[in-house]
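Q: Generate coordinates for the sequence data below:
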Amino acid sequence: MITIWGRANSVNVQKVLWCCDELVLPYERIDAGMQFGRNNEPDYLAMNPNARIPTLVDGDFVLWESNSILRYLVMEYGAASPLYPSEPKQRASIDRWLDWSLSTLQPAERPVFWAVVRTPEAERDTAKLASDLAAVTLLWKLVDNHLQARFFLEGEQCTLADIVIGAYAKRWFGLDGVERPPLPNLERWYTRLSTRTGFKKYVDFPLT
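A: Residues are numbered from 1 along each chain as shown. Predicted coordinates:
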């Protein structure tokens, strides 16, 4: 049985759970992180010295870093799945979105999410929030441009790229009280993703 350590409202945990749903993989999830603690306890640090979530345990194999977990799950349990095709050019095209999500999107998205969702309105730095929102808006415009005449991010089928960027898109579209420009390609793609069972079960909840 696969075990996934991490709280359900973590975007990095959500994308792993979504992937498990796409692969029809059974698993057990154990709450860890923030209000649940445990991630700084010795037994957890022995698995993941970063004290971050998620951590995957599959028999005697332990793996941390959410995008690495996604790749492992498909390579180990979904060889025939379109989520992560073996053809090098297709796989590299998917990998760039997984890398981009960590190198570019998450660092820009995180301060906006924390300011709007996890900071009381009276304590917000409104000037910084406006600047951060402008920066992340430019990134979503990039995705919108890429999706011109595309069904999914990389081809006609949902891949790991869509799972990863889709989980962050929930944070973009789920923010209350912010102005978002019309991005029709992004909105069309997001509507399509929102019908997938893994998205509905693990991602489509009010932001907390």
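
Q: CA atoms for contacts and neighbours, from now on please.
A: OK.

Q: mind listing the helices in the protein by residue range?
A: 11-23, 42-47, 66-77, 88-100, 106-117, 126-146, 160-173, 184-193, 197-202 (DSSP state H).

Q: Same list (the ones you listed) but as TSV, adding mean pLDDT.
A: Below are the helices of the chain laid out as TSV (pLDDT from 0 to 100):
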stretch	mean pLDDT
helix 11-23	98
helix 42-47	98
helix 66-77	98
helix 88-100	98
helix 106-117	96
helix 126-146	97
helix 160-173	98
helix 184-193	98
helix 197-202	98
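
Q: Reformat these as CSV; add mean neighbour count and distance to residue 1.
A: As requested, the helices of the chain are exported to CSV (neighbours: other Cα atoms under 10 Å; distance: least, Cα to Cα, whole Å):
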stretch, mean neighbour count, distance to residue 1
helix 11-23, 23, 12
helix 42-47, 14, 17
helix 66-77, 17, 12
helix 88-100, 15, 26
helix 106-117, 18, 30
helix 126-146, 16, 36
helix 160-173, 22, 22
helix 184-193, 17, 28
helix 197-202, 18, 19
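
Q: For those, give me a markdown table that also has distance to residue 3.
A: Shown next, in a markdown table, are these (distance: least, Cα to Cα, whole Å):
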| stretch | distance to residue 3 |
| --- | --- |
| helix 11-23 | 11 |
| helix 42-47 | 12 |
| helix 66-77 | 12 |
| helix 88-100 | 22 |
| helix 106-117 | 25 |
| helix 126-146 | 33 |
| helix 160-173 | 20 |
| helix 184-193 | 26 |
| helix 197-202 | 16 |
